[in-house]
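Colleague: Please find the sequence and the predicted model below.
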Number of protein chains: 2
Amino acid sequence: MSIDSTHPFDQAILLESLGPDDESTTQRLRFQGKTSDAYANMVGPFGGITAAQMLQAVLEHPQREGEPVSFTCNFASPLRDGRFTVLAEPVRTNRSTQHWMLTLMQEDEAGERQLVASATALTAKRRQTWSVTDQIMPDVAPAANLERGSTKGRPPWFSRYDMRWLQGDLPQRWDGHEHEGSTSLLWVRDEPPRALDYAGLLALCDVFFPRILLRRAAFVPCGTVSMTVYFHADAAALAAAGADFVLARAQGQVFFNGWFDQAGWLWSSKGKVLATTHQVVYYKE
Amino acid sequence: MSIDSTHPFDQAILLESLGPDDESTTQRLRFQGKTSDAYANMVGPFGGITAAQMLQAVLEHPQREGEPVSFTCNFASPLRDGRFTVLAEPVRTNRSTQHWMLTLMQEDEAGERQLVASATALTAKRRQTWSVTDQIMPDVAPAANLERGSTKGRPPWFSRYDMRWLQGDLPQRWDGHEHEGSTSLLWVRDEPPRALDYAGLLALCDVFFPRILLRRAAFVPCGTVSMTVYFHADAAALAAAGADFVLARAQGQVFFNGWFDQAGWLWSSKGKVLATTHQVVYYKE
């Protein structure tokens, strides 16, 4: 692993390999990371950065084969500021696919080691073949024609993205007036700009704040508990996307008795879908 | 566990508790199940039944708290006919949520124990609160006005569902003529009818055959590799749905170099969303 970047994202996903978890395994490896003030959220870090740190353990694992196709992360508890350990294990390796199970562990206030997040990942060798999309990019004004959204009064991680809103920014007035829809549409890229890679794309999939804030226009306590990302990009597609803006759309689906889900889509500026994503979020009101 | 049903689904999800996995744990429990001929697919079982068997290990785990909210299952390899073991462990228990990691293990032809599937689950205690849906049920003809779809020439599991197609059944002609869309819409219920529960609802989320078969009208080798289900139903909602038909809609999203994803929605006949689901599927052409 080379430390060739001073970008806050690269600093945030920096992991130190600690070797096998115990003597019984050569596959289940431990990586040490630490939380990043630059990506702090209201309570604990921005979920997208935690997910990216876990994916990074897969990407740096010496037995890894293929590129990420699917990643599911379950957030069990807020991370505390400081160090944590990611355990990454390829649990099945096939000819062209590989399955991963991951846990993120951290000591709690009493010094007890606790599971903070779990994840599964699928990596695969892709081949060029018949491709088509049934999710066409919305026809919108280019990012250059829009102003950067405000980060004023928002948690630190918002400042790590240049967001240019077309629809559905956080409400101007928190008046509890129920909105009709729960859709957001924005151009977004890392701030400062950074060439897209799998970890960066994964984090981008979590830039949509919980839909209930938009739907209710009220400070409803809420937080993402499980998030799944399907990658629709190979190395060439990531290279083509570069450090340019990505068009991101999110929509709430069902809000029911304390839990809702939202779906998201991310396109390169040239109209290629790079990822689709879903998450389930708790809310308390 | 009471064996109070001769329904093939209940027989299929029957598990035998084998107790703790080893002496180091009281939480990671082993359950033994076996494949069901009634739910056989082309190669191995219908994925929905395998997912349901894994969820069942959570539901029968004596330390389980709350009801399923989220379930992600990764299919690493086809199951062979016969017995298998599910390992289910609550990896974090909070005040109102509980996180699970699961593996399904089976001996391969050489007698070696292999991981065949992995999964994560989230269970939670739900409270009645503000609820709304942004996914309104399509206005369609009632199931009673439609004929049951054909199961002729289809794998056995199709006969375990009464499917009444409104749109997007398997192509009549496999002529390789590319279709415009990849949407299916159908009424569906267990055959014979069976009152809906979490395991039954999870299996129903996999009744959509891979979208690429519809999109290409060709026998493209393909198979679901990861599937996520968000449950939007509590005990009362399941009881209200009963053994009635469920309206199920699925749509392909992005087909890119050997992998595509599809999204799905399931409504009770009264218009309540019961589950939303997503899966990523490999294809080879």
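Modeller: Sure, I can see it.
Colleague: can you give me the helices in chain A?
Modeller: A:8-12, A:47-60, A:198-204, A:211-216, A:235-241 (DSSP state H).
Colleague: Now tabulate the ones you listed in TSV and tack on mean neighbour count and distance to chain B.
Modeller: No exception for glycine: its C-beta is placed from N, CA and C like everyone else's. Below are the helices of chain A laid out as TSV (neighbours: other C-beta atoms under 10 Å in any protein chain shown; distance: least, C-beta to the nearest C-beta, whole Å):
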stretch	mean neighbour count	distance to chain B
helix A:8-12	20	23
helix A:47-60	26	12
helix A:198-204	24	13
helix A:211-216	23	7
helix A:235-241	16	8
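Colleague: Just give me the lowest mean pLDDT stretch among these.
Modeller: Here those differ in mean pLDDT, and the lowest is helix A:211-216 at a mean of 92.
Colleague: List the contacts of that helix.
Modeller: When contacts are defined by C-beta atoms under 8 Å, 6 or more residues apart in numbering or on different chains, helix A:211-216 is touched by residues A:168, A:170-171, A:176, A:178-179, A:181-182, A:184, A:219-220, A:222, A:250-252, A:255, A:260, A:262, A:281, A:283, A:285, B:130, B:132, B:134.
Colleague: hmm, which of the residues you listed are the buried ones?
Modeller: When the contacts of helix A:211-216 are checked for burial by 16 or more other C-beta atoms under 10 Å in any protein chain shown, the buried set is A:168, A:170-171, A:182, A:184, A:220, A:222, A:250-252, A:255, A:260, A:262, A:281, A:283, B:130, B:134.
Colleague: So, low pLDDT: which residues of the stretch 151-285 of chain A?
Modeller: Judged by pLDDT under 70, the stretch 151-285 of chain A has no weakly predicted residues.
Colleague: Within range of chain B, give me the residues from it.
Modeller: When proximity is defined as C-beta under 8 Å from any C-beta of the partner chain, the stretch 151-285 of chain A approaches chain B at A:181-182, A:215-216, A:225-226, A:228, A:230, A:232-234, A:237, A:251-259, A:261, A:263, A:265, A:273, A:276, A:278, A:280, A:282-285.
Colleague: what's residue A:149 sitting at in phi/psi?
Modeller: phi -70, psi 160 (degrees, to the nearest 10).
Colleague: hang on, it packs against residue A:164?
Modeller: Yes - contact criterion C-beta atoms under 8 Å: residue A:149 and residue A:164 qualify, at 6.3 Å.
Colleague: So between these two, which is more surrounded?
Modeller: Taking other C-beta atoms under 10 Å in any protein chain shown, residue A:149 and residue A:164 do not tie; residue A:164 has more neighbours (22 against 18).
Colleague: ok, now which ones touch the more buried one?
Modeller: Going by C-beta under 8 Å, 6+ apart, residue A:164 touches A:143, A:146-149, A:186-188, A:245.
Colleague: Tell me, what's the model's pLDDT at residue A:1?
Modeller: On the pLDDT scale, residue A:1 is placed at 43.
Colleague: need the contact list for residue A:167.
Modeller: Residues near residue A:167 by C-beta under 8 Å, 6+ apart: A:183-186.
Colleague: can you do 6 Å?
Modeller: For residue A:167, the contact set (C-beta atoms under 6 Å, 6 or more residues apart in numbering or on different chains) comprises residue A:185.
Colleague: And it, how close does it get to residue B:198?
Modeller: Separation of residue A:167 from residue B:198 (C-beta to C-beta, to the nearest Å): 35 Å.
Colleague: which residues of chain A fall in strands?
Modeller: Assigned by DSSP state E, the strands in chain A fall at A:16-20, A:29-34, A:67-75, A:83-93, A:97-107, A:113-124, A:132-133, A:161-167, A:183-190, A:222-231, A:246-256, A:259-268, A:273-283.
Colleague: Contacts made by the fifth one with the rest, please.
Modeller: Under the contact criterion C-beta under 6 Å, 6+ apart, strand A:97-107 has outside partners A:54, A:58, A:65-66, A:84-92, A:113, A:115-124, B:74, B:76, B:118.
Colleague: change it to 7 Å
Modeller: By C-beta atoms under 7 Å, 6 or more residues apart in numbering or on different chains, the list of residues contacting strand A:97-107 from outside reads A:54, A:57-58, A:64-66, A:79-80, A:84-92, A:113-124, B:74, B:76, B:101, B:118, B:225.
Colleague: swap in the fourth one?
Modeller: Residues outside strand A:83-93 that contact it (C-beta under 7 Å, 6+ apart): A:15, A:21, A:27-34, A:53-54, A:57-58, A:61, A:63, A:65, A:98-106, A:116, B:76-77, B:115, B:118.
Colleague: Quick check: buried residues in it?
Modeller: Neighbour-count burial for strand A:83-93, with 16+ other C-beta under 10 Å as criterion, is recorded at A:84-93.
Colleague: The longest one too?
Modeller: By neighbour count on 16+ other C-beta under 10 Å, the buried set for strand A:113-124 is A:114-124.
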